[in-house]
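**Q** model this:
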Amino acid sequence: MSVEHLTLESFKEKIFDFESSKEWKYKGENPCIIDFYADWCAPCKAVAPIMEDLSKEYDNKVDIFKINTEEQMELSAMFGIRSIPSILFVPVDSQPQMAMGALPKAQFEQLIKEVFQVEKGN
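**A** Numbers count the residues shown, from 1 in each chain. Take a look at the predicted model:
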């Protein structure tokens with residue numbers, strides 16, 4: 001599975017339907033990471049291949065999504081995105097956590113382990 005780009009509609013379908021509920025309720029079966037990015041952002045471009053790697057290495061364990069902040073302004077505003085890249089870690093049954101900036105791959109792996117309790121592996 002590769003990284004999937006979310007629109008407002010697919011976000012409501014796969015992540016959280018904020019129009020039907022005010023209280024956060026994640027819809028996915030696996031924890032997910034959402035990368036808020038823009039095409040002109042150099043640090044975002046550095047994160048992109050890491051996200052692709054993670055999507056392969058954690059296939060069927062962690063879902064990876066991207067949201068283009070230029071195209072999906074409502075979603076960006078909803079999460080209060082002020083700087084990019086901003087990375088949202090969404091556990092299955094607790095509140096999402098935001099990380100800012102272009103993190104190295106090892107730090108993503110550490111956060112996946114800590115926040116999601118998921119180990120890389122077969």
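**Q** Which residues does stretch 75-87 contact?
**A** Here stretch 75-87 makes contact (Cβ atoms under 8 Å, 6 or more residues apart in numbering) with 6, 8, 11, 18, 33-38, 41, 43-44, 47, 67, 69, 88, 98-103, 108. The C-beta positions use only the backbone N, C-alpha and C, and glycine is treated the same way.
**Q** So for the residue nearest the centre of the chain, what's the pLDDT?
**A** For the chain, the residue nearest the mean C-alpha position is Ile34 (1.1 Å; Cα atoms, centre = their mean). Looking at Ile34, its pLDDT reads 97.
**Q** who does the biggest helix by length in the chain touch, helix- and strand-wise?
**A** Longest helix of the chain, by residue count under DSSP state H: helix 42-57. With contacts taken as 3 or more Cβ pairs under 8 Å, 6 or more residues apart in numbering; DSSP states H and E, helix 42-57 sits against strand 32-37, strand 63-68, helix 105-116.
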